[in-house]
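Asker: Sharing a model prediction with you, sequence too.
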Amino acid sequence: MTRSSPPALKIKEIKLNFSTDKILRLPLCIFLLLLTFSLSRSVSACDLPVCDISEELKKMEGKNEAYRFQFLSKLRQDFLKEKDEKKLVNLSEFARQAGDLVRRLGDADYVSREAKGLRDQSIYLLFQWVWRDCKRLSEGFKELAGETQRYAALDFFLRRAESEKDPSSIQELVCFARNSESTIMAMGDADYVVRHALLLASTLSNQLLEVTEGWEGVFRLQSIEGPLAEEAENLRFVIFSSGGELGIVGALSHPDLKPTVFQKLSFDGNPQFLSSRMSFATATPSTITIKFLENYTRIEGTILEPNEFKRIGFTAIREASVRATSQTPCPEENLIASYDARFGDLEGQFVITQIGPRQYASVFRSRGSELHLPYSFGRYNPSTGRLTFINLQWNVPLALRLLAEKKRDGSCQIEGWGLSTFTGTSYPIFLKLRQPEK
């Protein structure tokens with residue numbers, strides 16, 4: 001009987017089983033060959049860049065500094081684009097111990113720099129491809145060799161901050177950004193690194209607002225302390241993100257009274273809480289603290305009245321909210337157009353123009369030109385589809401909070417809400433691309 005194929009071609013398919021009957025069926029020479037091959041693979045199998053760090057360090061110690069430099073340099077080049085976590089952690093640990101070795105041996109600075117370079121490269125690649133939790137990012141940040149490397153790590157996350165959409169991931173990055181501030185201060189880094197850490201924390205906090213549903217809109221007051229207590233049913237609290245320098249805007253509004261507007265509010269550690277530094281729409285600055293409850297359906301707030309220096313507590317329940325993100329955001333270049341518009345009960349024309357990168361201006365003109373509203377501050381986030389316009393009237397901002405959704409036919413559907421800080425009301429907005437006149 002002839003064999004279907006030579007035994008050598010089936011070596012990889014044979015699974016060794018050391019039962020007596022199967023051993024006896026194999027020619028002794030083939031069995032020994034397979035056994036030797038299997039044992040050699042089990043002993044030498046290693047998918048890491050440095051299989052035995054201690055043994056490699058001993059070998060390096062017995063060589064000269066030129067060898068040590070070349071070995072470290074080759075590792076940097078060979079794993080310049082590595083994405084595997086185990087390999088990068090292995091390289092990072094080896095580089096750390098190799099750095100200790102070359103310093104102990106008194107090698108030239110260029111050898112020590114190569115060890116630091118290998119460690120920084122490995123950690124940076126872990127930042128880039130693997131780590132997203134606050135703990136590991138913060139610990140790795142402390143291991144970076146210098147302020148240039150720390151700046152580069154911060155800049156990497158800053159450049160992709162506005163593309164982050166998952167709230168939990170953003171919260172982890174916000175935690176890392178705040179921890180990095182402490183590390184930078186302890187290291188004595190230059191001011192430009194400190195500013196970059198502060199900018200990263202601020203940008204990520206704003207992005208967290210961009211993707212968090214339910215907190216923007218109009219809240220109807222249920223109670224308020226002080227002289228306005230009898231007017232509680234007519235009071236509204238309007239809150240929204242301006243998407244720009246005004247930050248988060250909150251306004252206590254009454255149809256017959258001038259609104260009290262708070263600007264540049266910020267999330268304070270937890271996205272359930274807001275705080276502000278001052279109110280810009282009143283003669284005397286005051287502060288406000290807000291706590292969201294029950295999935296943003298209710299709020300509890302406290303206003304510090306500066307003249308009498310007393311706290312005014314209030315509670316409110318959500319009356320209207322706006323969506324945060326589009327399912328399929330429109331490309332930025334598709335926004336610039338003229339639209340048939342409906343603002344609440346008013347119909348008219350709405351024109352969007354671009355004045356800079358992601359910066360826009362617009363104007364709404366009602367049919368018959370009874371109403372003409374220019375919006376000088378516009379911003380678009382292409383990762384979420386959020387389109388925000390702000391109109392400042394006597395330093396009181398009015399907001400359009402829109403979403404640009406790409407439809408199956410490739411056109412853009414834009415709709416959302418107008419939020420009035422003057423009256424404490426909201427109104428639906430629908431935009432339809434205006435067809436050229438024939």
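Answerer: Arrived safely, thanks for sending.
Asker: Look up which residues are beta-bridged to the nearest residue to His372 once chain neighbours are set aside.
Answerer: Using CB to CB, 6 or more residues apart in numbering and skipping residues adjacent in sequence, the residue nearest His372 is Arg365, 5.3 Å away. Quick note: C-beta positions are derived from backbone N, CA and C, even for glycine. Beta-bridge partners of Arg365, counted by DSSP bridges, are Gln349, His372.
Asker: tell me the contacts of Arg365?
Answerer: For Arg365, the contact set (CB atoms under 8 Å, 6 or more residues apart in numbering) comprises 348-349, 371-373.
Asker: rerun that using 6 Å as the cut-off
Answerer: 348-349, 372 (CB atoms under 6 Å, 6 or more residues apart in numbering).
Asker: Now list the buried members of these.
Answerer: Taking 16 or more other CB atoms under 10 Å as the criterion, what is buried in these is 348-349.
Asker: Is it possible to get TSV of the contacts of Arg365 that adds distance to Asp107 and pLDDT?
Answerer: Listed next are the contacts of Arg365 as TSV, based on distance: CB to CB, whole Å; pLDDT from 0 to 100:
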residue	distance to Asp107	pLDDT
Gly348	75	95
Gln349	73	95
His372	74	89
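Asker: wait, which of the contacts of Arg365 is closest to Glu213?
Answerer: Using CB to CB, Gly348 is the member of those that lies nearest Glu213, at 29.4 Å.
Asker: Show me where this protein dips below the pLDDT cut-off.
Answerer: 1-45, 267-273, 275-285, 436-438 (pLDDT under 70).
Asker: residue boundaries of the helices in it?
Answerer: Using DSSP state H, the helices found in the chain span residues 20-25, 28-44, 53-61, 65-78, 85-105, 109-129, 134-143, 147-159, 167-187, 191-211.
Asker: before we move on, back to that, now that we have the contacts of Arg365, can you turn them into JSON lines and tack on distance to Leu198?
Answerer: Formatted as JSON lines, the contacts of Arg365 follow (distance: CB to CB, whole Å):
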{"residue": "Gly348", "distance to Leu198": "42"}
{"residue": "Gln349", "distance to Leu198": "42"}
{"residue": "His372", "distance to Leu198": "40"}
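Asker: all strands in the stretch 301-438 of the chain, in order from the N-terminus.
Answerer: Per DSSP state E, counting those that start in this stretch, the stretch 301-438 of the chain carries strands over the ranges 310-321, 337-343, 346-356, 359-366, 372-381, 386-393, 396-406, 412-420, 425-433.
Asker: between those strands, which gets nearest to Arg132?
Answerer: Proximity to Arg132 (CB to CB) singles out strand 372-381 among the strands of the stretch 301-438 of the chain, at 20.7 Å.
Asker: Could you tell me the angle between the closest one and strand 359-366?
Answerer: Calculated by axes from the mean of the first three to the mean of the last three CA atoms, to 10 degrees, strand 372-381 forms an angle of 150 degrees with strand 359-366.
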